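1. coordinates for the following, if possible.
(2 chains)
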Amino acid sequence: MNSEYSQHLALSFVVIYLVLCLGIGIWSYYRTNSTSDFFAAGRSLGPVLIGLAIFSSTLSGFGFVGGPGLVYASGTSSIWMVSICALGFALTFFTIAKPIRIIAELRDCISLPDVVYARYKSNTTRLLLSLTIILGVMGYLATQILAMSIVLFSLINSIEVFSSITLFQCIIFSTIMLIFYCTTGGIIASIYTDLIQGTIMIIGGLLICITAINVYDGGLNEASSILFRDHPESIMPFGTSGILVCLAWFFVFGIGYAGQPHVVTKMMMNRSIRDNRIILPLSIFGFTFAALLWICIGIIMRSTVIDGSIDPLSSPDQAAPVFLNIFTNPYIAGIVYAGLFAAIMSTADAFINIGVASITHDIPKSIKGSPLKNDLFWARIGTVALCTIASIFATYSYYYNDRLVALLGAFGWGTFAAAIVPVLVIGLNWKKATREAAAFAIFISLVINFSIEIFSISIPYGIPGSFLAIITSITSFIGISLATSNVLDEDINEALSI
Amino acid sequence: MNKENILFKCIFLNMCIIFFYTFKVIFFSSDLIISEKHDAINGMNKALNSYIYFNDVSVYALTLQILVLIFYGLLMAVSIVKKNNNVVLLYITVATLLGVINWLAMYFSYKNYLESSSVEIFFGFPLSTNFMVYGNWLTGLVFAFIYIYYFNDVIYSDEADKKFISLIKKYKENNE
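-> Numbering: from 1, shown residues only, chains lettered A, B, ... in the order given. Next up, the predicted model:
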């Protein structure tokens, strides 16, 4: 089959998927009657939905595109980010899943800052957390819009009929799609898209793994031997980034699962606490299958470029698209492309959801004690505003200043982890944790992460700044809690004892 | 002093060691370059000075990873310590030890490679990389198994469910 036919096929799958998305959006619109439905799906979702939603929103479009690109660029270093998944999920379920669900139902919380307020009785902490979420969401969202536009652009650009379409037009189209999908469906649409994405990633991961193993007669062993002969460190456990970077990633990504607001919020949406027993293994196995994409594509692309089978890539992020075009059956490639769009859209929706909750619900509550009147209406208006601002950021960053999204993107995984982990993981398991400690931990994590990015501070041995931010925020959180005193509401005291 | 307080003091001590040791390593670091662009292929990187770099940071790396694994184990232990189930606490300790053993195996097999420059590839990777890919994942799986198997005993029992329902009822009555 020729390349243009494959592109047509991939585009057809993406178009079918986008039409499906519109359908999900409209269907979810009729299921969304209140802000609780819009932000927390009315705490009515079953274990399979939540299990798949948790793992797929953790991996997002980055797992499809960025992950294989990292392996292509740096060898095995980035595999530390995914081999920690079982430990990270287990830690999150042990420490957070139960108390957050109990507090959410007890106090009728619809957002993470609501839970944090219930635990610490502090509007300052709620406000700081809301601001952290908005800053992080803006970076993540701009990245998702840009990723969606670039993939769409690369898909249609090689087809003659669409060759005059520009990237800017793709950004506008992607933003309109997201706005329609998110304003109508809220979190319910996101969860159901996660279901599609999760299923595709599990099946795709398995099929891609089989494809990758069959690229060489000797399978993955032969690919590893090629990498070893070219540059041994690239296939040794710490890759080309070095031991300290890998260990820092192990820590940041391991504990970081418990600090991702779009992941943790989903733990407030299941219909029963007992479902966690099913959700945990589903999340781990789903993630594991999807991680096969990350590992196999990256290693095969690096080895095939090194042995001269294919030309060097124009950028590491091309690893997955080139692999799909060259080695994969076009039907499987089409399905995986649709999965990529599902990943981007559901993650964008989840981020928009928590960002809008912060703007229309949490910040007004922190400042004037109550959310905006008619908050479902304002949530939808907020969604339009947030998408529009993020797409302007994405466009401006792509054409004029590539540090803008990078700066906000620095408020990604590591910043969320540094700000949220001590407040939740320790705070929900230790009654002596205090509001002063929570506010300081969030504040110091923002200061450290922002300073490192703004002043371009280079840390020796390439240690990531988020690692320093997390160890500082956790240490200061416990230290300040030991030095200050705490008052808990009676119901929260009882909830934390369950 | 109850078990919960002891565990939290251990967590604090653990984090303090990680915190101060990390900053000591950063402030007294050498200017060693550890990575650069691949000679022939654009977009790929390669490691530099691996042997010197490993010798520079090996004690810190060995200690850091052991402390991080203990930290994870302590956090999981503290989340169930109020249930007073020593068997599950013991299993969490064993799982943590398995993680530490896996790390030691990875560390020393990598050190052995640096000294001998020879490796054997099986299951898709060199031995030390197998400990990273499969060992790290399996360690997490042991913790997940403990969570699932002992869910009714230490995470959410029938008694806890009754307490939760009565708490909700009491809170709603008080607010009406």
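2. where in the stretch 301-450 of chain A is pLDDT low?
-> A:401-411 (pLDDT under 70).
3. residue numbers of it in contact with chain B?
-> For the stretch 301-450 of chain A, the contact set with chain B under CB under 8 Å from any CB of the partner chain comprises A:302, A:305-306, A:312-316, A:425-426, A:429-430, A:432. Every C-beta, even on glycine, is put in place using the N, C-alpha and C of the backbone.
4. quick check: residue A:398 is in a strand.
-> No. Applying DSSP: H, G, I helix; E, B strand; the rest coil, one finds residue A:398 to be helix, outside a strand.
5. does stretch B:42-58 reach chain A?
-> Yes. Stretch B:42-58 is in contact with chain A by CB under 8 Å from any CB, via B:42, B:43, B:44, B:45, B:46, B:47, B:50, B:53, B:54, B:57, B:58.
6. residue A:389: how many residues sit nearby?
-> Neighbours of residue A:389 under the rule other CB atoms under 10 Å in any protein chain shown: 14.
7. swap that for residue A:377, please
-> Using other CB under 10 Å, residue A:377 is surrounded by 12 other residues.
8. and what of residue A:339?
-> Neighbour count for residue A:339, taken as other CB under 10 Å: 27.
9. cool, residue B:51 as well?
-> 11.
10. can you verify my assumption that residue B:106 contacts residue B:134?
-> No. Applying CB atoms under 8 Å, one finds residue B:106 not in contact with residue B:134, separated by 10.5 Å.
11. which one of the two has more residues nearby?
-> Of the pair residue B:106 and residue B:134, residue B:106 is the one with more neighbours under other CB under 10 Å, namely 21 against 15.
12. how about the contacts made by the more buried one?
-> Shown here is residue B:106, whose contacts under the criterion CB atoms under 8 Å, 6 or more residues apart in numbering or on different chains are A:237, B:128, B:131, B:132, B:135.
13. quick check: which helices or strands does the host helix or strand of residue A:89 pack against?
-> Secondary structure from DSSP states H and E places residue A:89 in helix A:85-92. Helices and strands touching helix A:85-92, by 3 or more CB pairs under 8 Å, 6 or more residues apart in numbering or on different chains; DSSP states H and E, are helix A:243-256, helix A:276-306, helix B:50-80, helix B:136-149.
14. so the nearest residue to residue A:127 once chain neighbours are set aside is in which element?
-> With CB to CB, 6 or more residues apart in numbering or on different chains as the criterion, residue A:127 has its nearest non-adjacent residue at 4.0 Å, and that residue is residue A:366. Assigned by DSSP H and E, residue A:366 belongs to helix A:363-368.
15. packing partners of that helix?
-> Judged by 3+ CB pairs under 8 Å, 6+ apart, helix A:363-368 is in contact with helix A:112-120, helix A:123-157.
16. from these, which stretch is densest packed?
-> Comparing the helices and strands packed on helix A:363-368 by mean neighbour count (mean count of other CB atoms under 10 Å in any protein chain shown), helix A:112-120 comes out on top with a mean of 26.
17. which among the residues of the stretch 301-450 of chain A next to chain B count as buried?
-> Using 16 or more other CB atoms under 10 Å in any protein chain shown as the burial test, these include A:302, A:305, A:306, A:313, A:316, A:425, A:426, A:429, A:430, A:432 as buried.
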